[in-house]
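A.B. asks: Sequence below, structure please.
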Amino acid sequence: MPYAFTDLGSHYLIVLSGVFTDRDVRDLALTVKAAEEAAPVTLDRLVDGTQIESFKIGFSILSIFAERRKAFPVKNPIKTALLVRGKVAFGLARMFQMLNNAPGVDIRIVASREEALTWFEGGVPSHTGDPTLFR
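C.D. replies: As a prediction, this is how the structure comes out:
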């Protein structure tokens, strides 16, 4: 499985690896949905895509995922931090960020896990959206 999902109590850590496909996006969405349904509150999440070797996903799956997020609203406002490396990963992260306009969900691209955790705790990510950091 090219992802590992961990509930850290304060947030979810989702580490993506290997070749990431449309099917993996669907499977991950089901995993996240099940965790959210079981929890009394919706947790922030850090998606670490720095271990991905390649992507085999299309626009349509990201669009479907964003639409499903709106269909299953969060219980409380959440933050999703996307940590990526490389131009393709950055482009996909930006596409996902732009497609996802679900109420109560704030998505940012971050340069490190530390930056994500600072943002979760109320700080401001200092490098959000700067593509030069993701080469």
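A.B. asks: which residues of the protein fall in strands?
C.D. replies: Ranges of strands in the chain, per DSSP state E, are 3-7, 11-21, 44-56, 78-83, 105-110.
A.B. asks: Mind naming the longest helix for this protein?
C.D. replies: Ordering each helix of the chain by length in residues (DSSP state H) puts helix 22-38 first.
A.B. asks: Which strands and helices lie in contact with that helix?
C.D. replies: Here helix 22-38 touches strand 3-7, strand 11-21, helix 59-71, going by 3 or more Cβ pairs under 8 Å, 6 or more residues apart in numbering; DSSP states H and E. In this view, the C-beta of every residue, glycine as well, is placed from N, C-alpha and C.
A.B. asks: relative orientation of it and helix 59-71 in degrees?
C.D. replies: Helix 22-38 runs at 10 degrees relative to helix 59-71, counting by axes from the mean of the first three to the mean of the last three Cα atoms, to 10 degrees.
A.B. asks: Can you give me the buried ones in helix 22-38?
C.D. replies: 22, 24-25, 28-29, 32, 36 (16 or more other Cβ atoms under 10 Å).
A.B. asks: Those residues: which two are farthest apart?
C.D. replies: Across these, the longest distance by Cβ to Cβ is 21.2 Å; it joins Asp22 and Glu36.
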